[in-house]
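Q: based on what follows, work out the 3D shape:
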Amino acid sequence: MSEGLNTVTVDRARSSILQALGIAPSSDVALPAVCAEAVRAALWAIWSVDRRPVYTTRLLNAAKRMLLPWQPATGEMSLEEMLKNTLQELELIDDLAPMPGGYWSPTPLRVVHLERIQRWLLLGGYPSRLLSQAAKDATERAGVARLLRCTPAGAGLDASEIPEREWRRIPGEDLAAWAKTVLEQSPLTPAGNLQADIYAPGMARAGAFQFDRWRSSPQGLPDGRYLARTVSRYGIHTYYIVELQHERIIAAGQPFLGDGDIRRLQCALDRLAGNPTSVQVKRQSDCWTFELQSALPRAEHQLLLTIGRETTPKSGKYYPRWWVVPANYAQQADQALRDLGIVVKYLD
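A: Residues are numbered from 1 along each chain as shown. Prediction:
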């Protein structure tokens, strides 16, 4: 006598997969967190057998097979796109390491103490399904990262700890002092006929978006050193530190940024000019939503990926963009923005 096949509902399939990934099936976990755990699990499963880096296509296909019950409706972002984004985000927070030729390896297990919110960020490609039950029970997820509510020892983990500043790779100097160092110590050579946009926050209207702080020519600008850029026909930006004299670019050179980046330099120049940008925040009981009109520096983007998740306009426009951060993590985001000189405005 033959038996019929049992039908498995989507909810039951998802519950089984979450359990296999080391995520409590009853937890209200967002899809980005599920994608992140699938990528970790897929990479570890292949790497632990071959003991060599895994090619991108093989990794993403293995992760996708785990997530078929989450296949989005027509018109929404595909699983392939979600997983590609997840891979980039896991690289940014240092869970995975990119290797030459499009290959990936897991990074070692370690933790970062986020003192302001009293959480320990768990880093590394080690999948959650292999963690101790104590570690699983202590794990929270807001975005692609894993946060522990207790010390690593309390979760039964033996992991090295790295300082938050080191993990985020923030320049050691004060923001304004670092910007002055970049302007003054970047080596310049004669500029020839260089034509470039000039970043001039001191000449922009109060509170203008960073996009509107670029000037197409140096006319009307005082002598001195400035951040500048050129844009190729393909939309590629090249940045310079330039010296202006009598409204002409007389010298230029690549900015010496150290651990910083161009967006951090823009924020620092905004502060030096006394013309900061602002971020609007809507506070609710369970989450805070930060509305941004300009991109964040790498270190702050890395942090917000860890404690929240980004949403984008359905209109197709790039800005504004919103970061949704659980209320119990929001002070960490608030302080990071203030440290950049950004004015945080609350709507409630």
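Q: can you give me the strands for the stretch 151-300 of the chain?
A: Listed in chain order, the strands of the stretch 151-300 of the chain (DSSP state E, counting those that start in this stretch) span 160-162, 189-190, 197-199, 214-215, 224-231, 237-245, 248-253, 278-283, 287-292.
Q: parallel or antiparallel, which strands does the fourth one pair with?
A: Taking DSSP bridges as the criterion, strand 214-215 forms sheet pairs with strand 197-199 (antiparallel).
Q: what's the average pLDDT for the strand it pairs with?
A: When pLDDT is averaged over strand 197-199, the result is 98.
Q: deepest of the strands of the stretch 151-300 of the chain, which one?
A: Most buried of those by mean neighbour count (mean count of other CB atoms under 10 Å) is strand 197-199; its value is a mean of 21. For glycine as for every other residue, the C-beta is placed from the backbone atoms N, C-alpha and C.
Q: where does the prediction get shaky in the protein?
A: Counting by pLDDT under 70, the chain has low-confidence residues at 1-8, 26-27, 73-75, 316.
Q: tell me where it has helices.
A: Under the criterion DSSP state H, the chain carries helices at the ranges 10-20, 31-50, 56-66, 79-92, 133-138, 164-168, 175-185, 262-272, 298-307, 330-339.
Q: mind putting the strands of the stretch 151-300 of the chain in TSV, distance to Pro127 included?
A: Output for the strands of the stretch 151-300 of the chain, formatted as TSV (distance: least, CB to CB, whole Å):
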stretch	distance to Pro127
strand 160-162	19
strand 189-190	50
strand 197-199	43
strand 214-215	44
strand 224-231	42
strand 237-245	38
strand 248-253	45
strand 278-283	34
strand 287-292	27
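Q: which one of the helices of the chain lies nearest to Ala208?
A: Of all these, helix 262-272 sits nearest to Ala208, with 9.5 Å by CB to CB.
Q: neighbouring contacts of the closest one?
A: 171, 175-176, 178-180, 182, 199, 201, 210, 213, 227, 239, 255, 257, 276-277, 294-299, 340-342 (CB atoms under 8 Å, 6 or more residues apart in numbering).
Q: what's the local residue count around the residue nearest to Asn275 when sequence neighbours are not counted?
A: Taking CB to CB, 6 or more residues apart in numbering, and ignoring the residues beside it in sequence, Asn275 has Pro201 as its nearest neighbour in space, at 4.7 Å. Using other CB atoms under 10 Å, Pro201 has 23 neighbouring residues.
Q: what sits against Pro201?
A: Ala208, Arg213, Gln266, Leu269, Asp270, Ala273, Asn275.
Q: does the first one really touch Asn275, like I thought?
A: Yes: counting by CB atoms under 8 Å, Ala208 does reach Asn275; the two are 7.5 Å apart.
Q: next up, the contacts around the residue nearest to Ser160 when sequence neighbours are not counted.
A: Distances taken as CB to CB, 6+ apart place Arg110 nearest to Ser160, at 4.8 Å, with adjacent residues excluded. Neighbouring residues of Arg110 by CB under 8 Å, 6+ apart: Leu123, Gly124, Ala159, Ser160, Glu161, Ile162.
Q: right, I'll call it a day here.
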